[in-house]
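Visitor: Here is a sequence together with a model predicted from it:
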Amino acid sequence: MTDDVSNLAAWDRIDGIPDPLETRSVVGHECTLDQLCERYASGKMHHAWLLSGPKGIGKATLAARFAGQVLRNPEPEKAPKNYIQPPETDAIEGRIIRGAHPNLLLMRRPWNERDKKWRSDLTVDEIRRTISFFGTSSAESGWRVAIVDTADDLNASSANALLKILEEPPANTILLILANLPGRSLSTIRSRCQRLALKALDEDQIVEALRAIPMFSDSDENELRQAAKLSGGSVRRTILIHTENGVELDERLRTLAEKNGQPDWSAIHKLAGELSPANRNERYRLFLDLTHDYLSQKIRLNARSDSDQSHVEFSTDISELAGWTDVWEKTRHSAEQTDAYNLDRKQVILNLFSAIHELA
């Protein structure tokens with residue numbers, strides 16, 4: 001990592017794709033953005049907001065653009081009641097896009113200089129940056145905005161540190177806490193925030209968002225839509241599916257998982273070997289996402305069939321339903337442990353297919 005990119009570096013950034021701070025347009029969440037702007041202009045702005053929704057749908061982009069609206073309009077009574085997109089030459093937006101505005105604090109998983117890798121959690125030291133950010137005279141007058149990206153990454157210590165800030169918020173401050181899975185956050189954090197749930201994007205919105213990225217301005221429309229269908233409404237995952245040949249990866253997953261008789265361990269080992277190297281990180285993460293979708297479909301299918309079964313058959317189906325749920329929970333936990341302790345990713349994949357075929 002070099003100093004000139006440190007402000008916008010992120011553990012989950014995709015090469016060639018703008019950071020949320022750099023993404024000028026909000027797609028699919030315009031009404032939510034206007035709602036925040038209206039609340040700010042009313043003079044009754046709550047100090048903390050929990051913005052939830054699936055990963056990669058634009059929560060961080062929305063938070064950054066709202067921060068810009070606040071910082072451009074330090075007097076709420078004079079602020080517009082809806083979002084006004086600034087011109088390309090706007091100085092405040094330019095500083096936000098560079099990650100260089102002194103009144104905006106972005107907290108994400110930090111880089112560990114000692115180990116030369118990204119931390120697996122959002123550390124307490126990151127959250128404690130708010131002490132100096134909120135507690136000293138700002139370089140510029142007006143409001144301060146802090147973005148936590150994301151609450152899912154908080155550990156016990158950093159979650160408690162954030163809770164203390166929420167309990168005693170400084171004046172003229174706004175905390176925007178992003179969450180992919182808000183249910184994992186401390187209930188005490190959720191109870192101190194106003195909540196806005198953002199929906200997954202539809203296919204047209206995903207294509208619109210991609211067309212604004214130079215890399216995809218001339219991409220084949222059918223290929224983008226095919227990737228969008230597998231994305232679960234996430235722009236980020238659509239990008240990975242498109243760039244990492246995710247359609248083919250999904251087909252391989254399903255073929256190997258649903259193969260009748262003996263599992264094709266030769267093909268499974270080949271796939272695991274392809275996904276496990278460190279330089280295939282994005283494809284490995286995409287595989288886990290596609291696995292989650294595959295197992296979720298199995299769970300939903302079993303849940304629907306349960307509603308039509310007699311009492312005698314019901315217990316068998318409940319057992320199968322619990323089995324599919326258990327496969328995903330064990331896979332998720334195994335992947336988290338592998339990341340935390342730098343273990344062999346190949347074993348995560350081998351264990352996954354072993355568990356799937358035990359249920360077959």
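Guide: That came in fine, so what should we check first? Numbers count the residues shown, from 1 in each chain.
Visitor: Tell me where the stretch 101-250 of the chain has strands.
Guide: 104-107, 111-112, 117-118, 144-149, 173-179, 194-197 (DSSP state E, counting those that start in this stretch).
Visitor: nearest to residue 244, of these?
Guide: strand 117-118 (19.3 Å; C-beta to C-beta). To be clear about C-beta, it is placed using only N, CA and C from the backbone, and glycine gets the same treatment.
Visitor: What are the contacting residues of that closest one?
Guide: 11, 109-112 (C-beta atoms under 8 Å, 6 or more residues apart in numbering).
Visitor: So which of those wins on neighbours?
Guide: The most crowded member of the contacts of strand 117-118, judged by other C-beta atoms under 10 Å, is residue 109 (18 neighbours).
Visitor: list the contacts for the nearest residue to that one once chain neighbours are set aside?
Guide: In this structure, residue 109 finds its nearest non-sequential neighbour in residue 11, 4.6 Å apart by C-beta to C-beta, 6 or more residues apart in numbering. Listed by C-beta under 8 Å, 6+ apart, the contact set of residue 11 reads 108-109, 111, 118-119.
Visitor: Now render the residues you listed as TSV, adding distance to residue 217 and pLDDT.
Guide: Shown next, in TSV, are those (distance: C-beta to C-beta, whole Å; pLDDT from 0 to 100):
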residue	distance to residue 217	pLDDT
108	28	97
109	30	96
111	31	94
118	30	91
119	34	92
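Visitor: ok, residue 293 touching residue 232?
Guide: Yes - in this structure, residue 293 is within contact of residue 232 by C-beta atoms under 8 Å, at 6.5 Å.
Visitor: And the closest residue to residue 76 other than its chain neighbours, which helix or strand is it part of?
Guide: What sits nearest to residue 76 in space, not counting adjacent residues and going by C-beta to C-beta, 6+ apart, is residue 43, at 4.9 Å. Using DSSP states H and E, residue 43 sits within no helix or strand.
Visitor: all helices of the stretch 251-360 of the chain, in order?
Guide: 265-275, 281-306, 311-341, 345-359 (DSSP state H, counting those that start in this stretch).
Visitor: still on that earlier bit, and residue 293 and residue 232? Which one has more around it.
Guide: Higher neighbour count among residue 293 and residue 232: residue 232, with 19 against 16, using other C-beta under 10 Å.
Visitor: quick one: contacts for the more buried one?
Guide: 54, 200, 289, 293.
Visitor: just checking, the second one touches residue 237?
Guide: This points to residue 200. No - counting by C-beta under 8 Å, residue 200 does not reach residue 237; the two are 10.1 Å apart.
Visitor: Look at those two and report which has more neighbours.
Guide: residue 237 (26 against 16).
Visitor: I'd like to know how many residues surround the residue lying closest to that one once chain neighbours are set aside.
Guide: Leaving out its chain neighbours, the residue that sits closest to residue 237 by C-beta to C-beta, 6+ apart is residue 231, at 4.3 Å. Residue 231 has 26 neighbours, counted by other C-beta under 10 Å.
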